[in-house]
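J.: sequence-free structure coming up:
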């Protein structure tokens, strides 16, 4: 029999564990030599590196629609904090250093959040979608991801999905952060806003970069293991030289093996392999 951690025995110990990790990250930030981007500018950089939109309110099985609607409020508040931030060469973007803690006092509402026991609700719930947006823009650029926490489980079936499965990131204040570094020779800027039911985002730069990027999911399927189903696939990133329109690299960025947490009857039968 495996030993249980204190945080697994009582919710109070779990709360203390989270507080400890938050404090450790605060201390780490104080003594870190990373230069965190902080400057915002109303002067929008001219070149669009990548643009993207994602649906804000989805019909999720067995999920209170109010939590989805509250998420829209949370996302709009996050847009005000994040949009127009400029990341200079050598600087790092930090999701939580930019956003700050999402609290009721700041106007955040209860939305859907992922906890150690699955899905629950909490103030600022749904901000993962903002982190996912930023990560997708970064994946389509030469910027360098320095902190990323993948979702380990398949929480919902696809509904109007535009990007390969698994290319999102978890965030939880403030010890589970999302960060990237600008190792290029020019400023980049993140623009995010809400429009017509979508979260919209752009990554901009001073000048075009020499390469473009394409992400492709391959070998996607579901497979039963014991009494559970797992979602499997590989996600590759193709690097393409713009001048010659030639592929110069193919990188495996994700090997998915994710436990399906939703009703197995919602898995498309044609996507199940023996």
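T.: Structure's in. What do you need? Just so it is clear, the structure is predicted and the values come from calculations on it, not from any experiment. Numbers count the residues shown, from 1 in each chain.
J.: show me the domain layout of this protein.
T.: 1-33, 34-210 (automatic domain parsing).
J.: now the helices: where do they sit in the stretch 101-250 of the chain?
T.: Along the stretch 101-250 of the chain, the stretches classed as helices by DSSP state H, counting those that start in this stretch are 128-139.
J.: so where's it uncertain?
T.: Residue ranges of the stretch 101-250 of the chain with pLDDT under 70: 115-118, 159-160.
J.: thinking again about what came up before, any idea which of the domains of the chain is most buried?
T.: Mean neighbour count (mean count of other CB atoms under 10 Å) peaks for domain 34-210 among these, with a mean of 17. C-betas here are computed from N, CA, C, even on glycine.
J.: now render the domains of the chain as a markdown table, adding distance to residue 240.
T.: Listed next are the domains of the chain as a markdown table, based on distance: least, CB to CB, whole Å:
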| stretch | distance to residue 240 |
| --- | --- |
| domain 1-33 | 34 |
| domain 34-210 | 10 |
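J.: and residue 26, that one's in a helix?
T.: Yes - assessed with DSSP: H, G, I helix; E, B strand; the rest coil, residue 26 lies in a helix.
J.: that one is in contact with residue 175, isn't it?
T.: No - the pair residue 26 / residue 175 is not scored as a contact, 9.1 Å apart, by CB atoms under 8 Å.
J.: how far does stretch 193-202 sit from its chain's centre?
T.: Offset of stretch 193-202 from its chain centre (CA atoms, centre = their mean, to the nearest Å): 16 Å.
J.: contact partners of that stretch?
T.: 48-57, 72, 75-76, 79, 83, 129-130, 133-134, 136-137, 190-192 (CB atoms under 8 Å, 6 or more residues apart in numbering).
J.: ok, so what distance separates residue 267 from residue 219?
T.: 16 Å (CB to CB, to the nearest Å).
J.: settle it for me: which of those two has more neighbours?
T.: The neighbour count for residue 267 versus residue 219, taken as other CB atoms under 10 Å, is higher for residue 267 (17 against 11).
J.: nearest residue to the more buried one in space, please, no chain neighbours.
T.: Excluding the flanking residues, the one nearest residue 267 by CB to CB, 6 or more residues apart in numbering is residue 222, at 5.2 Å.
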